[in-house]
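Student: Starting from these lines, generate the structure:
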Amino acid sequence: MKDKDGGGACWSRWCFFGVSVVMGLLLGCQMGFAANVTEVKKLSEKAVDVGVKSQQSFETWVEEKHRLLAELEDMEAQLEHVGWQRKKLDVYKNDLHEKIADLQKKSAAMEAVNLKLLPILEANLEKLQEVVASDIPANLTERRKSMHHAAMVLNDYDLGLLDKARAVLNAVAREVDFGHRVGIFEDEIEVAGDQKRVKILQVGRVGLYALTLDGQKAYQWVPKQAVWVPNTEAVASIHEAVEMAEGIRLVGLSKLPIVAEKMQEATAQ
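Tutor: You can find the predicted model right below:
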């Protein structure tokens with residue numbers, strides 16, 4: 001009985017040990033399989049991640065490639081434009097050299113003209129000033145102002161020959177115009193030391209006449225002596241001419257006296 005009971009217990013222990021071993025093996029296999037699945041999953045995820053990053057890198061590289069190609073095209077276009085500009089600049093440079101040479105020739109010619117013409121302009125202005133100084137005393141302020149302006153222009157270093165010639169010719173033109181002008185104005189004159197209020201009639205450079213405000217006395221300017229002298233014989237003629245200049249009388253013929261050499265000599269004596 002003891003042997004049977006002892007054998008059964010021993011068999012039970014061996015069975016239990018066998019089952020334990022089998023269960024251990026099965027559990028080990030299961031754990032190994034689980035570990036393999038985890039590793040595969042990790043590897044798959046890593047492979048996917050690498051693929052995504054590779055795709056992103058490829059797309060980035062493609063974009064960079066297109067950008068570089070666009071920049072290359074722009075640089076080629078710029079290089080072509082720079083080449084065209086260089087050729088054009090050579091053409092401009094040659095043209096400018098020709099123009100500079102032409103301007104230098106013109107400048108030299110202008111300097112030669114200046115050396116000859118400027119003294120002539122100054123001499124003519126001086127003669128004009130002398131003429132005005134000895135001319136009838138009418139519109140002197142305007143005339144002297146014109147000649148003073150011409151003298152200022154001639155003495156201005158920065159102004160060219162054209163401006164200087166224009167200034168002198170304008171002064172001459174004013175004097176020419178003055179010789180054809182008829183004017184009437186009221187002023188005071190000195191006759192033999194007395195001041196008289198009169199109407200003064202200017203008939204170009206033919207003569208300068210004065211008529212008292214009451215129309216009773218007339219005077220005539222003697223240029224050489226620069227004095228006013230009475231003219232009793234021409235009171236009516238001077239009165240008529242004054243009224244014509246004022247628009248009171250219709251324009252007609254009037255015999256105005258001309259200062260003769262004899263009259264000037266007699267006045268001087």
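Student: How about the secondary structure of residue 156?
Tutor: With DSSP: H, G, I helix; E, B strand; the rest coil as the basis, residue 156 sits in coil.
Student: how far away is it from residue 150?
Tutor: When distance is defined by C-beta to C-beta, to the nearest Å, residue 156 is 11 Å away from residue 150. Yep, even glycine has a C-beta here, placed from its N, CA and C like the rest.
Student: Would you mind pulling up the elements that the lengthiest helix in the chain packs against?
Tutor: Taking DSSP state H as the criterion, the chain has its longest helix at helix 2-134. The criterion is 3 or more C-beta pairs under 8 Å, 6 or more residues apart in numbering; DSSP states H and E, and the helices and strands that helix 2-134 contacts are helix 140-154, helix 161-178.
Student: what's the pLDDT at residue 51?
Tutor: pLDDT, residue 51: 74.
Student: where in the protein is pLDDT low?
Tutor: Applying pLDDT under 70 to the chain flags residues 1-37, 40, 251-254, 259-269.
Student: Run the chain-centre distance for the longest helix of the chain.
Tutor: Offset of helix 2-134 from its chain centre (C-alpha atoms, centre = their mean, to the nearest Å): 44 Å.
Student: what angle do it and helix 161-178 make?
Tutor: Following axes from the mean of the first three to the mean of the last three C-alpha atoms, to 10 degrees, one obtains 40 degrees for the angle between helix 2-134 and helix 161-178.
Student: Now do helix 2-134 against helix 140-154, angle only.
Tutor: Orientation note: helix 2-134 sits at an angle of 130 degrees relative to helix 140-154 (the same axes, to 10 degrees).
Student: For the residue nearest to residue 235 when sequence neighbours are not counted, list each beta-bridge partner.
Tutor: Distance criterion C-beta to C-beta, 6 or more residues apart in numbering; nearest residue to residue 235, sequence neighbours excluded, is residue 218 at 4.4 Å. Beta-bridge partners of residue 218, counted by DSSP bridges, are residue 211.
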